[in-house]
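In: Sequence plus predicted model, see below.
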Amino acid sequence: MTTTTLAVLVPLLPFLGAAAGLLLGRTAPGYVRPLAVLPSLTSLALAVLVAVRQGGGQAINAATELTPTGSVPIELSLHIDGFAALVAVLVGVVASCVQIYSTGYLRNDPRYPSYAALISLFTSAMLLVVYSGDLIVLLVGWEVMGICSYFLVGHYWETPEARAASIKAFLVTKLGDVPFLIGLFALGTDAGSFRITTVLGTVASGGLHHPTLVALLLLAGVAGKSALFPLHTWLPDAMAGPTPVSALIHAATMVAAGIYFVARLLPVFQASSAAMVALAVMAAVTMAGSALAALAQDDIKRVLAYSTIGQLGYMAGALAVGDRGAAVFHLLSHGAFKALLFLAAGVIIHASGTNSLAVMSRMTGLRSRVPDAYWTMTVALLALAAIPPFSGFFSKEAVLGAAEHVATGHTEHAPGSAGWIVLIAGLVTAVLTAAYATRLWLLAFHGRGVEAPDHGKEPRSMTVVLWVLAIPSLAFGLAYGALPDWFDGRDLTPVLTTSVLSTGLALVGGIVTYGAWRHTTALAPRVPMGAVVAHPDAEPAQVEAEAIATHAPAFGDVAYAPDPADPGRLLLGPLHRHAAVGFHLDAVYNVLFVRPVQAGATLVRFLDREVVDTYVRGAAALPRLLGAAVRRAQTGNVQTYVSALLAGTVVLVVAALLVATGA
C-alpha cells in the first residue's frame, strides 16, 4: 500500500468510526466502544507508519482537483513533511488515550454514543488539517472542529454553565474565523491557487501583494482557534465539558490547529515585519497574563486551562521569532504532558468529588487514594515547569533559545524587537509557571483536614492511560538530538545561557510558592474531623452539593475557612481578585460588544413592533373600515335598494344638467 493511500486512511478511519457510531449508537450499543477505540488506534498505527516512511526527508505531495471552479482551483491534496507526520502521530496518541479513558470515565453516561462519535469526528477533522495540502480543504477540517467543540463542551447541556460555555466558545472562535476566511481568499487570489506549496512559492517570489493585511487577517482566526490574546476567553469557560474533552482540545486538537497553521505558512507571516511584531506582542501578553490568572484560579481545570493558554503563548512566541521547529517541538511536548494533566485531574476530581483546590487543600490522604494520578501528575507538572530532564525543559528552551538568537541579532528571520519581547515575557512566565504548578501540586495532594472520601478504585482504563502518557512527558525531550531531520535541520540543543537562567527562575518560583504555602498553612484554622469542607465564598446550596458529592459523614458540622491556605493569594496580593476573573476581559467584551448588540436588538424589536407592525395594522384597518361600511349597506331590504337607485339617478341627472349649463 502506498504512503499516499495510508495517509488518506489516517483521517478517514475516525470519520467512518464516527458515522458508524452515530448510526449504531441506539440500535447496537454493544458496538459503541469498539467503534470509538479501534478506528483511533488503527489511525494511530497508520500515522506512525506514514511518519516512518516519510522519515523527515522529502515532503510527500499528492493532489487531485475536486471540481472545476472557473478561477482558483480547489484540490484534494496532501502535503506531509516532518512536521505534519509528527503532529499526526501526536493527534493519534492523544485521541486514542482519550477514547480509552472515556470508556471508564463516562461508562454510565447515557449520551456516551454521541460523545464517542463526536470525539472521533473531532480527531478526523484535526488530522485533515494536519495532512491537507489545500487551504480550502484545511478550512473544512478547521470548521468541523469548531462545531465538534460546540457539542462536546455542551455535553452536559442540562447545566447552564455548559450551555453558556459552548455558545461562548462557538461565537468567540467564529469572531476570528470571519477575517480568517477573508485572509484565505486574499491569499489564494494572489497566488492563483489554494495549494499550500503554490502559496509558499508565490511568497518566496514576492508575489504577495498585501502581506501585512493578509497576515493580520489570518492571525485573527489563529487567535480565536488557538486561544491567544485577545480571543482566549472562551477556553477557561470550556472546562464545563467532560474532562477527557478538555484533554483532547488542549493537547492535540482545536488550540493546536492555529499554531500548526502558522507553522505551516510561516513565510507568509515573515513577509511582514509588522505582523511578526504583532504576533510577538500577542504571545507575550498571552504568556504572562494567563500565567498570572492561573496562579489565582480555584478550579483545578481552570488552572490547567490558563496553563494551556500560556504554553500556546510560548509556541506563538517561537513563531514570532521565525522558528517553527521550536514551536512544533513545544507543541508535541506540551501535547503529551497537558493530556496527562487533564486526565489525571479527572481522576482526582472523581476521587475528591470536587474541582475546588480550596476544598482539596482541606482533605488529607488524597494522594494515597489515587497514587497513579499522584505520580503521573507530578511528572507532568515537572514537565510543565520546565525542570530538566523532563520534556518541557527541552522544548521550552528551544523557544527561549530561538528568541535569544533573534534578540541578539544573529538572524534576520524576524525583527530583533520581536526577539526581545518573546525572551523577556518567556522568562517572566517561567517563574509564574513553576509557581502555579507548585501551588496546584501542594493544594491538591498535601491538604490537611478531613479524610478524603473513598469512591473506590478508578477503572483500569483510566489509570493505564496515565502511565502511557507519562512516558513521553518524561522522555520525549531527550529525543531533541534525533529531531533536526524532521524539523528542517533546526538544531534543538538547549542554549546554555537561557537554560541556566530559566531553570533558575523556575526553581525560584517553585521555592517561593512552597514557602508561601507553608506560611499560609500555618495560619489557616484546623478543620475538625467529620466536618464538611466548604469554600469561604460558597452558597449554602453549594455546600450541600459538596457534602453530598463527598459523602461527608457529618453534614451538620460545616467548616468555613475565612482565609484559605492558598499561596496564590499571598503571592499576588491585591492583584489576586483581578487575576481570578481573567483581568476583567470578559467585562470589557460585555461593554464593547454584548451590550451594543443587545441594545441594537432591543431597538430592532421596538421598530418592528411599534413602526412596522403599526404600519401593517394601519394598512389593514382602512380596507376593513370600507368593508364594514359596504356591509352595512347590504340590508336585504328591496325598498332601500330602489330608493338608493332613484337617489343615485337624481344625482347623476342634476350633475349632467349642471355640466350642460356650464358648457
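Out: That came through fine. Numbers count the residues shown, from 1 in each chain.
In: Poorly predicted segments of the stretch 401-550 of the chain, please.
Out: Applying pLDDT under 70 to the stretch 401-550 of the chain flags residues 455, 523-550.
In: Check what pLDDT residue 185 gets.
Out: Looking at residue 185, its pLDDT stands at 93.
In: Ignore what I typed, I meant residue 256.
Out: 93.
In: show me where the stretch 201-350 of the chain has helices.
Out: 211-225, 234-237, 243-251, 255-264, 266-270, 273-296, 300-320, 324-352 (DSSP state H, counting those that start in this stretch).
In: Regarding the protein, what is its longest helix?
Out: For the chain, the longest helix by residue count, based on DSSP state H, is helix 160-191.
In: and that helix, what does it pack onto?
Out: Under the contact definition 3 or more CB pairs under 8 Å, 6 or more residues apart in numbering; DSSP states H and E, helix 160-191 sits against helix 135-153, helix 196-204, helix 211-225, helix 234-237. In this view, the C-beta of every residue, glycine as well, is placed from N, C-alpha and C.
In: tell me the most buried of those?
Out: Highest mean neighbour count among the helices and strands packed on helix 160-191 (mean count of other CB atoms under 10 Å): helix 234-237, with a mean of 25.
In: any idea how far residue 158 is from residue 9?
Out: Noted for residue 9: a distance of 38 Å to residue 158, by CB to CB, to the nearest Å.
In: thinking again about what came up before, I'd like a version of the helices and strands packed on helix 160-191 in JSON lines, one that adds distance to residue 409 and mean pLDDT as further columns.
Out: Formatted as JSON lines, the helices and strands packed on helix 160-191 follow (distance: least, CB to CB, whole Å; pLDDT from 0 to 100):
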{"stretch": "helix 135-153", "distance to residue 409": "34", "mean pLDDT": "94"}
{"stretch": "helix 196-204", "distance to residue 409": "24", "mean pLDDT": "93"}
{"stretch": "helix 211-225", "distance to residue 409": "23", "mean pLDDT": "95"}
{"stretch": "helix 234-237", "distance to residue 409": "35", "mean pLDDT": "94"}
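In: returning to that earlier point: relative to helix 255-264, how tilted is the longest helix of the chain?
Out: Between helix 160-191 and helix 255-264, the angle comes out at 20 degrees (axes from the mean of the first three to the mean of the last three CA atoms, to 10 degrees).
In: Which one's more surrounded, residue 9 and residue 158?
Out: Higher neighbour count among residue 9 and residue 158: residue 9, with 17 against 8, using other CB atoms under 10 Å.
In: tell me the contacts of that one?
Out: Counting by CB atoms under 8 Å, 6 or more residues apart in numbering, residue 9 touches 43, 46.
In: Okay, and it sits in which element?
Out: For residue 9, the enclosing helix or strand under DSSP states H and E is helix 3-24.
In: quick one: contacts of the helix or strand following that helix?
Out: Toward the C-terminus, helix 3-24 is succeeded by helix 32-54 as the next helix or strand (DSSP H and E). For helix 32-54, contacts defined as CB under 8 Å, 6+ apart pick out 3, 6-7, 9-11, 13-14, 16-17, 20-21, 24-25, 60, 80-82, 85-86, 88-89, 91-93, 95-96, 99-100, 102-103, 112-113, 116-117, 119-120, 123, 127.
In: SS state for residue 65?
Out: strand (DSSP: H, G, I helix; E, B strand; the rest coil).
In: Identify the residues contacting it.
Out: 73, 74, 75, 76.
In: that older thread, how about the helices of the stretch 201-350 of the chain in TSV, adding distance to residue 486?
Out: Listed next are those as TSV, based on distance: least, CB to CB, whole Å:
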stretch	distance to residue 486
helix 211-225	23
helix 234-237	29
helix 243-251	20
helix 255-264	13
helix 266-270	16
helix 273-296	23
helix 300-320	16
helix 324-352	9
